[in-house]
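Engineer: Sequence and predicted structure below; questions after.
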Amino acid sequence: MKFSTRAKIVALLAVFLVVLTSSAWTATAAEEILTVSNNKDLATLLVSGGRVSEAFVAKYKGRTIRFDGCVLAKSRHGDYGRHSRYDFFIYAWDYDEDDTNGSPNMILDSVGLEHAKFVRDLAWIRDGTNLRITARVVKWDTKYGRIVLKPVSLEER
């Protein structure tokens, strides 16, 4: 059986549409960055004082979140050289030395220059620096009672 050029084009377009609309080609909920605007659980977490932290991590481990936060303290990460990699102890919202604003305890693990595209080195980021944080949820640290996050990007704000 011979098919016309038109029939072949229509068949190809039909296959293309099926592939294009399949889950392999469209963004899934797992790929969406969670924010306080689009995720009620994240909004609750950031004002809960840590009461829902472990449950949040269990539900969203591996997902990417974005929120406004601040650096409480930083320390060098492992044996990396000066100004190379840091761990940032962070809270949600703007820095206030007298108030945690209900934020859970969180740590950005192994922050490097590739995460902070707006600086030449990380030494200028001090306690109290306000940032927009995008990070992947890694685990619940039972020893220290905190959420461990892997940085994706840090933006000055």
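Structural biologist: Received it, and whenever you're ready, just let me know what you need.

Engineer: for the nearest residue to Ile133 once chain neighbours are set aside, what are its contacts?
Structural biologist: Spatial nearest neighbour of Ile133, excluding adjacent residues (Cβ to Cβ, 6 or more residues apart in numbering): Gly69 at 4.7 Å. Heads up, the C-betas are built off the backbone N, CA and C, glycines and all. Counting by Cβ atoms under 8 Å, 6 or more residues apart in numbering, Gly69 makes contact with 90-93, 103, 106, 130-133.

Engineer: I'd like to know which of these are part of strands.
Structural biologist: Counted as lying in strands by DSSP state E, out of the contacts of Gly69, are 90-92, 106, 130-133.

Engineer: are any of the residues you listed buried, and which?
Structural biologist: With burial judged by 16 or more other Cβ atoms under 10 Å, the buried subset of these is 90-92, 106, 131, 133.

Engineer: and these, which two are the farthest apart?
Structural biologist: Greatest spatial distance among those (Cβ to Cβ): Met106 and Leu131, at 12.1 Å.

Engineer: Which residues are in contact with each of the two?
Structural biologist: Among the neighbours of Met106, those also in contact with Leu131 (Cβ under 8 Å, 6+ apart) are 69, 90.

Engineer: would you say Glu54 is within a helix?
Structural biologist: Yes: assignment of Glu54 by DSSP: H, G, I helix; E, B strand; the rest coil places it within a helix.

Engineer: which regions of the protein lie under the pLDDT threshold?
Structural biologist: 1-30, 77-84, 100, 112-123 (pLDDT under 70).

Engineer: if we can go back for a sec, the residue nearest to Ile133: which element?
Structural biologist: Assigned by DSSP states H and E, Gly69 belongs to strand 64-76.

Engineer: List the buried residues in that strand.
Structural biologist: Applying a neighbour-count criterion of 16+ other Cβ under 10 Å, one finds 64-72, 74 buried in strand 64-76.

Engineer: For Arg126, see how far away the closest residue in space to Asn38 that isn't next to it in sequence is.
Structural biologist: In space, Asn38 comes closest to Glu32 once its chain neighbours are excluded; the distance is 7.1 Å by Cβ to Cβ, 6+ apart. Glu32 sits 32 Å away from Arg126, taking Cβ to Cβ, to the nearest Å as the criterion.
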